[in-house]
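Engineer: sharing a sequence plus its predicted fold:
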Number of protein chains: 2
Amino acid sequence: MNEERSSSTEDTLGHQFGAFYKIPIEKFFQFALSVDCVILGYHENGLKLLVIERGTEPHKGKKALPGDLVYPAEDMELAANRVLKDLTGLENVYMTQSKSYGQVDRHPIGRVVTVGYYSLISVDRYQPLASSWAANVVWVDVNELPLLAFDHNQIVNQVLATLRERVRLQPIGFELLPKKFTLGQLQELYEAILNTTFDKANFRKKILSMNLLKDTKERQTDVAHRPAKLFSFDKKAYESLRQQGFSFEM
Amino acid sequence: MNEERSSSTEDTLGHQFGAFYKIPIEKFFQFALSVDCVILGYHENGLKLLVIERGTEPHKGKKALPGDLVYPAEDMELAANRVLKDLTGLENVYMTQSKSYGQVDRHPIGRVVTVGYYSLISVDRYQPLASSWAANVVWVDVNELPLLAFDHNQIVNQVLATLRERVRLQPIGFELLPKKFTLGQLQELYEAILNTTFDKANFRKKILSMNLLKDTKERQTDVAHRPAKLFSFDKKAYESLRQQGFSFEM
DNA sequence: CCAAAAGTGTTGAGTCTACACCCATGA
DNA sequence: TCATGGGTGTAGACTCAACACTTTTGG
């Protein structure tokens, strides 16, 4: 698509402030773009991050976020979904853009700017550990992150900070749980993300008073205590409440 | 910096999932990167956006965000500050990164990915209207935005959405006001950003109970009503409160 | 019966909302 | 003396935190 652009050394994109006069426009088209995916899941009472092990240099052997270069004519969201699909088989996952990282020296091979994307996935929708890439793909606990390749620790920490803010104002936590879950699981999840504890009775009263949960009329089985009711998130109820100005707050 | 990189057609950056084998690495280094600055100020009882008028194609004559291409060896934050300085003379302004925009066809000359940056500035620190670029630079009310060049409307709307969230959880509104301000001005500001109204007595009680404002012992002069006390934001108090777990909420 | 987690009720402190009212200044 | 916005007090509704208590299951 940019093969046809003028190669005149006078061509300057028309900037207003004179910074680029005399610099040929080609000099600016030397960047590569990549996407890195922060895939979070909730697993064994903790928030987990999906990482791969790099098979080649640079950072061979280190753990890293699943990521790849973007094709010159490929949209970033598509690239993020392509990477996610190649890795996990997951399709149509809603990925949210996080920050971009463009430190000049962040990649040894050249100027590679990367855009972070993140998604919360539920273990009942997909478990990457069982995939054909199993040997290369592992969940790590976000509280025990290893040193990741490139600036990936920074990317993850940014996503976690965003998540902790967003989860208090939007009902996104449910994406991490199975379709049917108990109030105890929901509370554990919020406690894991926000790294705090809630009073059981108060947490229940608050969440139930929002009318966002549908009672599935089912219960846990085979547990060595009183079986809990199973609820599901009522997306329709949330949408109609939200349009009436309701705001989710935890 | 990336002049020295290998030009072997086998070089693939070492990706895990086979997407790029056989594609020469040079093909990926065809992107340009730009920054676009969303500069917001508070002026005549409304939130205003700083825009320039483009002097050249594409989008000649349209209003646009101040922005420019990033040099191949320039960090993005530096580029954003360079643009801001070129335009307004302002230095050392803290700019926050917003989202990135990379639609394949967003720029006619080639694949240009842009990163949004935003900043809130106070009219007593700088008034771009009085600068040497005056003819090209105007404030527009964010509630009456014209059609901007490229995808700049989208960039602005994203920043405004972020601002409306952030302003409720962090005391960033003060950056838009003069150093000394009245509680009435502060309330008007919050009402403008959040597009709502607050009860005067309750707003005052809430904000004063946070102990974030320092009474300057000064008052308004030459007003046709009881002169209001002038307050300033107490950054030190905020920092020490924040470390004790205090959370700002409006 | 016990352990464990589900699930409920109460109480008092604290916060929020609405609204009425007084104050100081310039015109 | 009036208009204008600054500034305050209070009552009732509402929300929240703490904690004690009952219920239902498997072992």
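Structural biologist: Noted; the coordinates are in hand. Fair warning: this is a prediction, and the values are worked out from it, not measured in the lab.
Engineer: quick check: residues of chain A near DNA strand D?
Structural biologist: A:199-202, A:206, A:219, A:221-227 (CB under 7 Å from any atom of the strand). All C-beta spots, glycine's among them, are computed from the backbone N, C-alpha and C.
Engineer: for those residues, which one is nearest B:Val115?
Structural biologist: A:Lys206 (38.4 Å; CB to CB).
Engineer: can I get stretch A:243-250 in CSV? Just the C-alpha atoms.
Structural biologist: Below are the C-alpha coordinates for stretch A:243-250, written out as CSV (Å, rounded to 0.1, in the frame of the first residue of the first chain):
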residue,chain,number,x,y,z
GLN,A,243,-28.7,2.5,29.8
GLN,A,244,-30.7,3.8,32.7
GLY,A,245,-27.6,5.2,34.3
PHE,A,246,-26.8,2.4,36.6
SER,A,247,-23.1,2.3,37.5
PHE,A,248,-21.3,-0.8,38.7
GLU,A,249,-19.1,-0.1,41.6
MET,A,250,-17.2,-2.4,43.9
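Engineer: show me where chain A dips below the pLDDT cut-off.
Structural biologist: A:1-22, A:88-89, A:126-135 (pLDDT under 70).
Engineer: could you chop it up by domain?
Structural biologist: Here the domain parsing of chain A from automatic domain parsing is A:31-169, A:174-250.
Engineer: would you mind giving those domains as JSON lines with mean neighbour count added?
Structural biologist: Formatted as JSON lines, these follow (neighbours: other CB atoms under 10 Å in any protein chain shown):
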{"stretch": "domain A:31-169", "mean neighbour count": "18"}
{"stretch": "domain A:174-250", "mean neighbour count": "14"}
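Engineer: neighbouring contacts of stretch A:203-218?
Structural biologist: For stretch A:203-218, the external contacting residues (CB atoms under 8 Å, 6 or more residues apart in numbering or on different chains) are A:171, A:180, A:183, A:186-187, A:190, A:229-234, A:237-238, A:241, A:246, A:248, A:250.
Engineer: again, only using 10 Å
Structural biologist: The contact list for stretch A:203-218 (CB atoms under 10 Å, 6 or more residues apart in numbering or on different chains) reads A:171, A:174, A:179-181, A:183-184, A:186-187, A:190-191, A:197-199, A:227-238, A:241, A:246, A:248-250.
Engineer: quick one: the longest strand along chain A to strand B:32-43, angle?
Structural biologist: Of all segments of type strand in chain A, defined using DSSP state E, the longest is strand A:32-43. Angle, strand A:32-43 to strand B:32-43, by axes from the mean of the first three to the mean of the last three CA atoms, to 10 degrees: 70 degrees.
Engineer: then the helix or strand that comes right after strand A:32-43 to CSV, C-alphas only?
Structural biologist: Using DSSP states H and E, the helix or strand that follows strand A:32-43 in sequence is strand A:46-53. Extracted in CSV, the C-alpha atoms of strand A:46-53 (Å, rounded to 0.1, in the frame of the first residue of the first chain):
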residue,chain,number,x,y,z
GLY,A,46,-5.3,-17.0,41.6
LEU,A,47,-4.9,-14.8,38.6
LYS,A,48,-2.7,-16.3,36.0
LEU,A,49,-0.9,-15.0,33.0
LEU,A,50,-0.4,-17.0,29.8
VAL,A,51,3.2,-17.0,28.6
ILE,A,52,5.2,-18.8,26.0
GLU,A,53,8.8,-19.9,26.1
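Engineer: coming back round to it: what helices or strands is the longest strand of chain A leaning on?
Structural biologist: Counting contacts by 3 or more CB pairs under 10 Å, 6 or more residues apart in numbering or on different chains; DSSP states H and E, strand A:32-43 packs against strand A:46-53, strand A:67-69, helix A:76-88, strand A:96-101, strand A:112-121, strand A:137-141, helix A:152-169, helix A:183-194.
Engineer: now the last one and strand A:32-43, what's the angle there?
Structural biologist: Here the directions of helix A:183-194 and strand A:32-43 differ by 140 degrees (the same axes, to 10 degrees).
Engineer: point me to the residue of chain A nearest DNA strand D.
Structural biologist: Taking CB to the nearest atom of the strand, DNA strand D has its nearest neighbour within chain A at A:Arg226, 2.7 Å off.
Engineer: list the contacts for the nearest residue to A:Lys179 once chain neighbours are set aside?
Structural biologist: In space, and not counting its chain neighbours, A:Lys179 is closest to A:Ser232: 5.6 Å by CB to CB, 6 or more residues apart in numbering or on different chains. Applying CB under 10 Å, 6+ apart, we find A:Ser232 in contact with A:174, A:177-181, A:213-216, A:218.
Engineer: among these, which lie within helices?
Structural biologist: Within the contacts of A:Ser232, no residue falls in helices by DSSP state H.
Engineer: okay, these in a markdown table with distance to A:Glu44 next?
Structural biologist: Converted to a markdown table, these look like this (distance: CB to CB, whole Å):
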| residue | distance to A:Glu44 |
| --- | --- |
| A:Phe174 | 18 |
| A:Leu177 | 13 |
| A:Pro178 | 13 |
| A:Lys179 | 19 |
| A:Lys180 | 18 |
| A:Phe181 | 15 |
| A:Leu213 | 23 |
| A:Lys214 | 26 |
| A:Asp215 | 26 |
| A:Thr216 | 23 |
| A:Glu218 | 22 |
